[in-house]
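[1] when you get a sec, could you give me coordinates for this:
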Amino acid sequence: MTKPLSLLATLGILFTAPSAAHAWGGPVIADAPAPVLQGAPLDWGRRVCDAVMKRSPVLTDRWHYDVGLVLSGFEKVWRRTGDRRYLDYVKSNVDRLVGDGGIIKKGYEPEKYILDDVNMGKVLFALLAESKDAAEKERYRKVLQALRAQLATQPRTADGGFWHKQIYPHQMWADGVYMASPFLAQFAAVFGEPAALDDAVKQVLVAEKHLRDPKTGLLYHGWDESKKERWANPRTGLSSQFWGRGVGWYAMGVADVLAEMPKDHPKRAAVVAVLRRLATAIARVQDPATGTWWQVLDAAGRPGNYLEASASAMFVYALTKGVGNGWLDTKRFAPVAARGYAGTVNFFVAADAAGDVHVNKICKVAGLGGDPYRDGTYAYYIGTEVVPDDPKGVGAFILASAERGR
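    Predicted coordinates for the structure are as follows:
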């Protein structure tokens, strides 16, 4: 495999220390090869982790999916660097929420069947493996088994796709694949339950079947099997837009499931094909000037649309992981990932006067339905709040940096 840093050197991409001005400056893709700071992507990941720990010694007081994303980034940086501080930060934040008997103290209500709630459980696999205390290991095991039990009875569409939440009946969202499928795939490996991996794969395939647009290859944000939601096309049940982070969640989910699939799994080739189709679609809508991606992916330059950090980092993560594992063609997709990472650093990352690193231009939240009602139109997606240092952008950037630092 081609190492990311040597490829960056070939492309002539230069990383420089960020500043507030630099974050909104010009592209970092040079006309000629330029030296690359060795280990730069992983250094960026560490800098963001250190800034998070400094700003938020206690990251959360409740179980939440975006906190899980940040902690997954910390876990990956720990694995890449061996620096125990990062795993200790994961553990301290999880232990505040997991009580005796493996009960999640705040933020988790299994009867609501919220797929998002499963995501934070993924970091418990590492804590379970690293713990030497029998009672502690039992606490972690019980939480993991409780989350698995939720998915065993999660409401589903007619062809087996998870509903995103109990309050959103008959709906699959692209986000949900990341929230549940990598957890199931890891659970299968740790607890020896092949059926959990098969279900993870089913979610990937069913979501693509319903959400993928054959013309662009991109995924719509949601699908309503009942076709009754106001945001849903009355003929297809699909929402109307290609939301960047929605597709980003799905792309990361596919890559993470593949990482857990044995080479002889009967559906492995099908999942690789999903990633290849999606990578092709993602590459087509990459902004040529910056290497990043738009909030609404197929609407480059349309009034109100903007380049968005979390989706950009998620695509970099999925593409880099795909190339690094041989699922994606290196010659075709490694340059896309390299330009995407360079652009993400250059256009979204900045340091304050104290040298602490921040990630800017993050869509705070977007969804479908609910109260107040989210209609899924173009105007809705470009009208959502844009913020710095939201966990969804920060976590995605840490993951992308760690993956590129392999």
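[2] tell me the secondary structure at the residue nearest the centre of the chain.
    Ranked by distance to the mean C-alpha position of the chain (CA atoms, centre = their mean), the top residue is residue 249 at 4.4 Å. Recorded secondary structure, residue 249: helix (DSSP: H, G, I helix; E, B strand; the rest coil).
[3] so where's the stretch 51-200 of the chain uncertain?
    Applying pLDDT under 70 to the stretch 51-200 of the chain flags no residue at all.
[4] just the strands from it, written as ranges.
    98-99, 103-104, 171-173 (DSSP state E, counting those that start in this stretch).
[5] got a markdown table for those, with mean neighbour count and distance to residue 253 too?
    (C-beta placed from N, C-alpha, C; glycine too.) Below are the strands of the stretch 51-200 of the chain laid out as a markdown table (neighbours: other CB atoms under 10 Å; distance: least, CB to CB, whole Å):
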| stretch | mean neighbour count | distance to residue 253 |
| --- | --- | --- |
| strand 98-99 | 16 | 24 |
| strand 103-104 | 17 | 22 |
| strand 171-173 | 27 | 11 |
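[6] present those strands as CSV; the columns should include distance to residue 335.
    Supplementary listing: these in CSV, determined by distance: least, CB to CB, whole Å:
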stretch, distance to residue 335
strand 98-99, 43
strand 103-104, 43
strand 171-173, 31
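[7] so which of these gets nearest residue 356?
    strand 98-99 (29.2 Å; CB to CB).
[8] which neighbours does the closest one have in its sheet, and in what orientation?
    strand 103-104 (antiparallel) (DSSP bridges).
[9] contact partners of the partner strand?
    Residues from elsewhere that reach strand 103-104 (CB atoms under 8 Å, 6 or more residues apart in numbering): 63, 97, 98, 142, 143, 146.
[10] ok, the residues you listed vs residue 333, which is closest?
    Checking these one by one against residue 333 (CB to CB), the nearest turns out to be residue 63, at 35.0 Å.
[11] so what's the residue count around that closest one?
    Close neighbours of residue 63, defined as other CB atoms under 10 Å, add up to 22.
[12] just list the residues touching the residue nearest to the centre of the chain, thanks.
    174, 175, 177, 178, 179, 314.
[13] 7 Å instead, please
    Each residue near residue 249 by CB atoms under 7 Å, 6 or more residues apart in numbering is listed here: 174, 175, 177, 178, 314.
[14] thinking again about what came up before, let's have the contacts of strand 103-104 in a markdown table, adding distance to residue 242.
    What follows is the contacts of strand 103-104, written out as a markdown table (distance: CB to CB, whole Å):
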| residue | distance to residue 242 |
| --- | --- |
| 63 | 30 |
| 97 | 34 |
| 98 | 37 |
| 142 | 39 |
| 143 | 35 |
| 146 | 34 |
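[15] those: which two are farthest apart?
    Taking CB to CB, the two most distant members of those are 63 and 142; they sit 14.2 Å apart.
[16] now do the phi/psi pair for residue 243.
    phi -80, psi 130 (degrees, to the nearest 10).
[17] whoops, residue 225 was the one
    Torsion angles, degrees, to the nearest 10, at residue 225: phi -60, psi -30.
[18] measure it to residue 295 for me?
    Per CB to CB, to the nearest Å, residue 225 is found 27 Å from residue 295.
[19] kindly report the same for residue 242.
    Taken as CB to CB, the span from residue 242 to residue 295 is 10 Å.
[20] same check, this time on residue 64
    Taken as CB to CB, the span from residue 64 to residue 295 is 22 Å.
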